[in-house]
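Structure of the sequence below:
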Amino acid sequence: MFKQTSRSLRCPSQIARAAMHALEEHLPRITIVTLSGGLRLQRDLGSWKNLFRTMRDSESDRRLEDLRELSTVLIMPAVSVRTVVDEGSLGGRKDSRLLRFLELRADWPTLRPTLPAPALAALAAAAAPATVGAIAPPGHDRR
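Model prediction:
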């Protein structure tokens, strides 16, 4: 199906993983997201998920689903964010990647003071799972 050379990708799963890597490298460059931007990101991640599903690469599909779940904090009402932070109601998630996505919200400067400081500190201190690329703060290069 694919030409095999030392520099070429040999199967659809390699293509999916390369695309997923590129996407994970791109996301940290996002700085502030409005509601419409969050909706667009959700739509785009859905398109990527459909592509990965056709390539039958379960690892990339799972990693992308994780990013889609995280990105829901960009479009949820501000009143719902406290529940996510307090109770981990986003799939039980309580790690630094959740805090990074919260910081992308356009309303973060007004939202942050309304959230419990101990819960935010716990999110900042919690390590992200190694199976999914971390989202670095703006201006930080992960390389």
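
Counting neighbours, what do you get for A125?
Counted with other CB atoms under 10 Å, the neighbours of A125 add up to 10. Placement of C-beta: from N, CA and C, glycine included.

Not counting its neighbours along the chain, what's nearest R68?
Distances taken as CB to CB, 6 or more residues apart in numbering place L45 nearest to R68, at 4.6 Å, with adjacent residues excluded.

ok, that neighbour touching E69?
No: using CB atoms under 8 Å, L45 makes no contact with E69, being 9.7 Å away.

of those two, who's got more company?
More crowded of L45 and E69, by other CB under 10 Å: L45, with 19 against 15.

How confident was the prediction at the more buried one?
Looking at L45, its pLDDT reads 88.

Now do the helix or strand that contains the residue nearest to R68: which elements does it pack against?
Here L45 is covered by helix 35-54, with elements defined by DSSP states H and E. In terms of contacts (3 or more CB pairs under 8 Å, 6 or more residues apart in numbering; DSSP states H and E), helix 35-54 is packed against helix 12-26, helix 58-71.

How many neighbouring residues does I30 have?
If you count neighbours by other CB under 10 Å, I30 ends up with 16.

can you tell me how far it sits from L74?
According to CB to CB, to the nearest Å, I30 stands 10 Å off from L74.

Need the residues touching each of those two.
Shared contacts of I30 and L74, defined by CB atoms under 8 Å, 6 or more residues apart in numbering, are found at L41, L104.

Can you tell me what sits against the helix holding L45?
Residues contacting helix 35-54 (CB under 8 Å, 6+ apart): 16, 19-20, 23, 30, 33, 60-61, 64-65, 67-68, 71-72, 74-75, 105-106.

7 Å - rerun?
Helix 35-54 is contacted from outside by A16, L23, V33, S60, D61, L64, E65, L67, R68, S71, L74, I75, using CB atoms under 7 Å, 6 or more residues apart in numbering.
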